[in-house]
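Novice: After the sequence you'll find the predicted model.
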Amino acid sequence: MIPYSQLAVHFGVLAAALLSTGLAQLLSVRLSGGKIGVVASLFLGFAVGLLVLFVGECFAVLRGPGTASDSIGLGLANGVLFVCLWYFYFHFINIGEASLRIRVLREAARFSGQPLQELLAVYNVRTVVATRMERLVQDGQLVVEGDRFRAGKPRMVLVAKAFSFLRWLLLGQAANSSRKS
């Protein structure tokens, strides 16, 4: 049986890693003056948290209570937990930034009590797409040359493909499954 003191040390390491992730993400957005976007700050926070987790787990294995094999096992479990919790955090933050439903509800609250036509004049598909495209171009994720466009940052294409793979793996469907072939 693993002693409670050993479990407490590993729990503390995980808590410190998660806290440092959130603080690094928050500080990078706030202190950069808008130079670091939300997605980049999330990945920066992940890197900081992963570093804190790694250093903390190394310390726990070398100096912590209990056996080294138990500490290694708990460290690996903490690594998996950290990645899963960061993934949740990433999407929790991202849904507030990118969700169309959230945007519709914000606009509906703003236009509450007014005719539906006023809401529809401000919030329509062309406006949403134009706003999203403008953000992607400003961030360099999309490059427009004349009347054509292409992906601007290869790493973001990799991120998109990784999330498409995860969606396929977890849900059994492609990200663009609504399109007919």
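Specialist: Sure thing, it's come through. Residues are numbered from 1 along each chain as shown.
Novice: Quick check: next helix or strand after the helix or strand where residue 130 lies?
Specialist: Following DSSP states H and E, one finds residue 130 within helix 125-138. Sequence order places strand 142-145 as the next helix or strand after helix 125-138, per DSSP H and E.
Novice: what's in contact with the following helix or strand past that next one?
Specialist: As assigned by DSSP H and E, the chain's next helix or strand after strand 142-145 is strand 148-151. With CB atoms under 8 Å, 6 or more residues apart in numbering as the test, strand 148-151 has contacts from 141-143, 157. (Each C-beta comes from the backbone N, C-alpha and C, glycine too.)
Novice: Point to the residue nearest the middle of this structure.
Specialist: By CA atoms, centre = their mean, the mean C-alpha position of the chain lies nearest to residue 90, the distance being 2.3 Å.
Novice: what about residue 86, how many residues close to it?
Specialist: Neighbours of residue 86 under the rule other CB atoms under 10 Å: 22.
Novice: Go ahead and confirm it touches residue 48.
Specialist: No: the pair residue 86 and residue 48 does not pass the contact test of CB atoms under 8 Å, sitting 10.8 Å apart.
Novice: okay, and the common contacts of the two?
Specialist: Joint contacts of residue 86 and residue 48 (CB under 8 Å, 6+ apart) are residue 21.
Novice: And the strand or helix carrying residue 45, what does it pack against?
Specialist: For residue 45, the host element (DSSP H and E) is helix 38-63. If contacts are counted by 3 or more CB pairs under 8 Å, 6 or more residues apart in numbering; DSSP states H and E, helix 38-63 sits against helix 4-31, helix 68-98.
Novice: Just the mean pLDDT for it, thanks.
Specialist: Average pLDDT, helix 38-63: 92.
Novice: Next one, pLDDT for residue 96 please.
Specialist: 69.
Novice: For this structure, give me the ranges with low pLDDT.
Specialist: The chain contains residues with pLDDT under 70 at 96-100, 173-181.
Novice: Where do the domain boundaries of it fall?
Specialist: 4-98, 101-171 (automatic domain parsing).
Novice: Point out the most buried one among these.
Specialist: domain 4-98 (a mean of 16; mean count of other CB atoms under 10 Å).
Novice: For that domain, what is the distance to the chain centroid?
Specialist: Its chain's average C-alpha position is 13 Å from that of domain 4-98, according to CA atoms, centre = their mean, to the nearest Å.
Novice: I'm done for today, thanks for sticking with me.
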